[in-house]
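Q: all I have is the shape, not the residue letters:
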């Protein structure tokens with residue numbers, strides 16, 4: 001039997017974020033032995049990227065707008081593949097919402113997402129120049145949730161549409177994840193299913209450590225889910241950080257308890273690139289307000305007083321009249337390695353779909369003799385937000 005065969009195989013997952021833990025969960029359910037190595041783990045004292053993320057599900061291309069584009073370079077997937085991964089994640093999160101209604105553990109819930117645009121996109125692409133039309137999104141998404149176009153009288157009463165020259169929008173139900181809860185749930189779950197967790201900082205090219213790691217963990221294959229760490233571990237210069245910031249505040253108005261508001265980066269009425277406004281209720285008490293998108297910026301020195309943080313907050317309070325100034329907290333061909341990293345600002349949106357694809361590639365390597373280099377080209381997610 002396949003399950004019995006899998007029990008004889010051990011997979012080493014590098015990375016303790018949402019991508020690594022989701023991949024580990026699927027592997028464990030398929031009967032594999034799994035070890036997970038990470039430099040840092042989700043916790044209350046030190047938060048990792050998967051915790052800080054806004055964790056609002058968005059149908060690709062998402063709320064990052066013109067920054068989230070198809071780039072025809074090695075290992076990038078096509079937009080259609082991102083949409084497939086996103087829908088796999090959507091169906092998973094919807095099941096978790098149903099589970100949480102009976103016994104809240106994962107921290108997923110459905111909210112109404114309002115997206116606004118500077119131009120009327122009734123017949124035009126959404127977001128970037130290579131984006132799909134709203135009609136294309138409906139074909140994939142409306143099997144599960146209805147997409148409604150907004151008129152000037154709907155939800156615009158809460159939005160400074162004149163000051164921001166907002167002309168058009170739509171709304172639909174979307175999952176949002178309480179990442180603190182979800183990461184705690186995932187860590188406990190994989191441990192309960194038998195995963196071994198070890199804290200280790202692996203430096204340099206992963207291929208140089210391959211034999212050592214396979215021997216140390218008696219593993220048959222390695223899954224690299226190290227996120228930004230892939231810049232050095234996979235010697236991948238296409239991986240770079242997208243520095244960002246969000247504020248967490250107490251929810252100041254009843255409307256914002258179950259409704260998210262998003263103004264993606266796009267070209268405004270003057271044909272100039274605009275900035276993103278991202279306002280999402282993390283749970284019934286906490287609102288996440290953002291965001292900043294700074295490509296290839298490695299500095300971790302943002303504070304409440306940083307000019308870009310103050311500008312981000314001013315944008316949000318100008319756009320949504322319900323927001324008040326409340327104090328907040330910042331928050332080789334024969335290799336045996338499969339890569340699952342580079343999801344940028346879409347980590348939670350793509351996590352489940354990418355995890356399933358990653359596991360399929362692991363099984364091809366282990367049971368069909370396919371090489372890790374083939375897997376490397378198929379699993380790469382978004383590198384840009």
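A: Now that the structure is in, tell me what you want to look at. Predicted model, so just to flag it, every value in this text is computed and none were measured.

Q: what ranges does the stretch 1-150 of the chain have for its helices?
A: 2-6, 18-29, 49-52, 79-102, 134-141 (DSSP state H, counting those that start in this stretch).

Q: and the residue nearest in space to the middle of the chain, how far is that from residue 218?
A: In the chain, the residue lying closest to the centroid (C-alpha atoms, centre = their mean) is residue 347, at 2.0 Å. With distances taken as C-beta to C-beta, to the nearest Å, residue 347 is found 30 Å from residue 218. Quick note: C-beta positions are derived from backbone N, CA and C, even for glycine.

Q: just residue 201 next, same as before
A: 21 Å.

Q: what helix or strand does residue 181 sit in?
A: helix 179-192 (DSSP states H and E).

Q: contacts for that helix, please.
A: Here helix 179-192 makes contact (C-beta atoms under 8 Å, 6 or more residues apart in numbering) with 16, 18, 21-22, 24-25, 28, 34, 36, 41-42, 44, 48, 50-53, 55, 104-108, 197, 282-283, 348.

Q: swap in 7 Å and give it another go.
A: 21, 24-25, 28, 36, 41-42, 50-51, 53, 55, 105-107, 197 (C-beta atoms under 7 Å, 6 or more residues apart in numbering).

Q: min pLDDT across those, which one?
A: Within the set of these, pLDDT is lowest for residue 53 (82).

Q: and that residue, how many neighbours does it have?
A: Using other C-beta atoms under 10 Å, residue 53 has 23 other residues around it.

Q: quick one: it and residue 349 touch, right?
A: No. The pair residue 53 and residue 349 does not pass the contact test of C-beta atoms under 7 Å, sitting 9.8 Å apart.

Q: tell me the phi and psi of residue 225?
A: phi -120, psi 40 (degrees, to the nearest 10).

Q: enumerate every residue touching it.
A: So residue 225 contacts 13-15, 17, 19-20, 23, 340-341 (C-beta under 7 Å, 6+ apart).

Q: could you redo the last one with a cut-off of 6 Å?
A: Applying C-beta atoms under 6 Å, 6 or more residues apart in numbering to residue 225 gives the contacts 13, 15, 19-20, 23, 340-341.

Q: from those residues, which is closest to residue 84?
A: residue 340 (15.3 Å; C-beta to C-beta).

Q: in stretch 301-311, what's buried?
A: Counting neighbours by 16 or more other C-beta atoms under 10 Å, one finds that the buried residues in stretch 301-311 are 302, 309.

Q: start and end of it, how far apart?
A: Terminal residues of stretch 301-311 are spaced 16 Å apart (C-alpha to C-alpha, to the nearest Å).

Q: re earlier: for the residue nearest to the centre of the chain, give its distance to residue 312.
A: Noted for residue 347: a distance of 20 Å to residue 312, by C-beta to C-beta.

Q: cool, residue 30 as well?
A: Residue 30 is 42 Å from residue 312, by C-beta to C-beta.

Q: more neighbours, these two?
A: Taking other C-beta under 10 Å, residue 30 and residue 312 do not tie; residue 312 has more neighbours (25 against 17).

Q: quick one on the thing from earlier: to residue 294, which of the helices of the stretch 1-150 of the chain lies closest?
A: Across the helices of the stretch 1-150 of the chain, residue 294 has its closest neighbour in helix 49-52 (14.6 Å, C-beta to C-beta).

Q: helices or strands up against the closest one?
A: helix 179-192 (3 or more C-beta pairs under 6 Å, 6 or more residues apart in numbering; DSSP states H and E).

Q: quick check: next helix or strand after the helix it packs on?
A: strand 196-199.

Q: quickly run through the sheet partners of that next one, with directions.
A: Strand 196-199 has the following sheet partners, assigned by DSSP bridges: strand 33-38 (parallel).

Q: what's the partner strand in contact with?
A: So strand 33-38 is in contact with 10-16, 24, 27-28, 195-198, 200, 217, going by C-beta under 6 Å, 6+ apart.

Q: from those, which two are the most distant?
A: Between any two of these (C-beta to C-beta), the greatest distance is 20.0 Å, for 28 and 200.

Q: between those two, who's got more neighbours?
A: More crowded of residue 28 and residue 200, by other C-beta under 10 Å: residue 28, with 20 against 11.

Q: wait, that one sits on residue 359?
A: No. Under the criterion of C-beta atoms under 6 Å, residue 28 is not in contact with residue 359, lying 10.3 Å apart.

Q: residue 55 versus residue 95, what's the distance?
A: In this view, residue 95 and residue 55 are 17 Å apart by C-beta to C-beta.

Q: buried sites along stretch 163-176?
A: In stretch 163-176, counting by 16+ other C-beta under 10 Å, buried: 164, 166, 168-176.

Q: equivalent analysis for stretch 91-102, please.
A: In terms of neighbour count (16+ other C-beta under 10 Å), stretch 91-102 has its buried residues at 92-94, 96-97, 100.
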